[in-house]
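Trainee: Pasting the sequence and the predicted coordinates here, then a few questions.
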Amino acid sequence: MKHTPYIILLIFLMLLSLQMQAQIKTFVTEVDSGYSKTSVNTAIFRQNALTTFRDTQFIAFYDNSGYIILGKRKINPKGFSSEKFVMEKTPLKMTRPHDAHNVISIAVDGDGFLHLSFDQHNSPLRYFKSVAPFSLKLQEFKRMVIDSPKAKENEVTYPEFYNFSNGDLLFVYRAAGNTSAINYYNTKEQKWHSVVNNLFENHAMLRAYWQITVSKNDVIHISWLWRDISYDPNTNHGIYYAKSADYGKTWQTIDGDTIRPVFLRQKLKPIKDIPKNKNLINQTSMTSDKFGRPYIATYYRGDDSITNYHLIYYDGKEFQDITVGNRKTDFQLSGIGTLSIPISRPRLITDGKKIYFFCRDKEQGSKIAVYYTTITKKGLKPFRFENITQDSYEAWEPCLDTELWKTHKKIHLFVQKTFQKNNEGIRDEKPTMIKVLEIKN
């Protein structure tokens with residue numbers, strides 16, 4: 001044939017293009033079907049949906065009737081983990097299935113006890129602990145018994161656990177009056193202690209929405225934005241930052257200047273001055289590199305009038321802000337309660353060499369996706385984009401096994417197709433399969 005060389009060249013280029021587009025290898029473990037009528041199983045502020053202690057990985061989710069299912073399995077620290085989860089249905093049940101705020105958060109302490117909080121949206125604390133190390137059975141309900149008369153456990157929202165390298169835990173939540181409480185669990189004592197009863201001001205018609213990471217050297221990094229008390233996300237503004245090297249007792253700016261809780265907006269400068277009405281999203285994620293420098297993932301509407309993902313990171317001298325991706329369509333954050341948003345909040349991790357930025361975008365078919373880049377001495381290379389799945393995951397947001405990432409640099413994502421209506425609405429959907437998606441990095 002006259003055109004055979006050109007056809008062969010065309011086929012070669014197509015194959016090369018496909019190979020370049022599919023650099024990321026994945027492995028999927030199906031777990032069980034779960035509640036999908038809201039995004040309660042997949043909201044990004046689940047800290048954690050998955051967590052690993054030593055060689056055991058734990059998982060928690062709501063089944064279609066709203067009961068909590070716990071599971072565990074052995075993981076492969078060197079390759080993909082093919083072992084199935086051993087499951088345990090608990091008697092604990094979600095009381096308000098319409099409210100996607102009521103997530104389950106879990107952690108495992110240094111002795112192997114599982115800690116769990118769930119179904120929290122301005123509600124009394126629901127906290128449980130396993131009866132024995134590595135057990136999926138839980139003790140009878142009890143309060144945390146914080147050693148402080150000022151402990152605020154009557155109106156809890158956004159319960160989050162974080163692990164320290166010594167096996168102790170941090171527990172953070174929004175308390176009554178839009179205050180923010182930080183508690184510390186001493187594993188040897190098996191006791192909770194109050195560290196901070198109110199981290200942010202609550203008397204200036206404001207509320208803070210934060211994201212936290214604990215680095216390997218146990219420095220707590222926290223960043224946040226302010227929202228007017230009107231609850232309207234259009235009033236989200238500014239990104240602020242603080243850190244603590246003594247488990248939350250004292251706090252500093254990025255330059256090491258001491259700041260004292262309560263954190264007051266008028267006394268702190270934002271690391272990124274983003275005005276209101278810019279679609280600035282709350283409750284995203286952050287991480288730190290091997291030097292302890294913070295990286296913050298977010299999205300907001302830039303000067304081009306399009307809402308795009310952004311990476312705000314400290315380069316050792318100052319905070320940089322770079323746009324991640326190149327979205328073409330805009331939308332408007334508006335309303336009260338959980339919203340149906342065309343893009344997920346982003347989940348961010350780095351190993352000091354690469355940066356991974358997980359998300360889901362309706363422009364890309366609502367598939368599970370990742371932006372990733374390499375860190376060089378001259379800075380960050382341009383981000384590359386890849387769809388990890390071929391199917392739509394609707395309202396899914398990325399929840400990552402952060403402890404497995406810390407210990408083995410392995411990426412395990414909690415994955416489920418979920419749905420969400422605006423203003424805490426419920427979609428009439430059947431249960432969908434929950435999976436653990438592993439990514440070879």
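Mentor: It's in. All values derive from a computational prediction rather than experimental measurement. Numbers count the residues shown, from 1 in each chain.

Trainee: In space, what's closest to residue 97 - neighbours in sequence excluded?
Mentor: residue 66 (5.2 Å; CB to CB, 6 or more residues apart in numbering). From N, CA and C alone the C-beta is placed, and that goes for glycine too.

Trainee: err, residue 267, not the other one
Mentor: residue 259 (7.7 Å).

Trainee: which residues does the one you found bridge with?
Mentor: residue 251 (DSSP bridges).

Trainee: which ones are touching it?
Mentor: Shown in contact with residue 259 (CB atoms under 8 Å, 6 or more residues apart in numbering): 242, 251, 252, 253, 267, 268.

Trainee: where exactly do the helices run in the stretch 301-441 of the chain?
Mentor: 402-408 (DSSP state H, counting those that start in this stretch).

Trainee: now do the stretch 1-150 of the chain
Mentor: With DSSP H, counting those that start in this stretch as the criterion, the stretch 1-150 of the chain has helices spanning 4-21.

Trainee: for it, what are the low-confidence residue spans?
Mentor: 1-22, 142-150 (pLDDT under 70).

Trainee: Could you pull out the strands in it for me?
Mentor: 25-34, 50-53, 56-62, 67-74, 86-93, 105-108, 114-117, 121-123, 127-129 (DSSP state E, counting those that start in this stretch).

Trainee: returning to what we had before: show me which of the contacts of residue 259 are buried.
Mentor: Buried members of those, counted by 16 or more other CB atoms under 10 Å: 242, 251, 268.

Trainee: Look at the residue nearest to residue 267 and report its pLDDT.
Mentor: With respect to pLDDT, residue 259 has a value of 95.

Trainee: And it, how far from residue 252?
Mentor: If you measure residue 259 against residue 252 using CB to CB, to the nearest Å, the figure is 7 Å.

Trainee: residues contacting residue 251?
Mentor: Contacts of residue 251 by CB under 8 Å, 6+ apart are 242, 243, 244, 258, 259, 260, 261, 263.

Trainee: switch the cut-off to 6 Å
Mentor: Each residue near residue 251 by CB atoms under 6 Å, 6 or more residues apart in numbering is listed here: 242, 244, 259.

Trainee: Pick out whichever of those sits closest to residue 134.
Mentor: Nearest to residue 134 out of the contacts of residue 251 is residue 244 (CB to CB; 30.4 Å).

Trainee: picking up where we left off before, I'd guessed the residue nearest to residue 97 sits against residue 93; true?
Mentor: Yes: at 5.0 Å, residue 66 counts as touching residue 93 under the criterion of CB atoms under 6 Å.

Trainee: neighbour-wise, which of these two wins?
Mentor: Under the neighbour definition other CB atoms under 10 Å, residue 66 and residue 93 were set side by side, and residue 66 has more, 17 against 14.

Trainee: So which bits of stretch 158-178 are buried?
Mentor: 158-164, 167-175, 178.

Trainee: Can you flag which of those residues belong to helices?
Mentor: Assigned to helices by DSSP state H, none of the buried residues of stretch 158-178 qualify.

Trainee: All good on my end, thank you.
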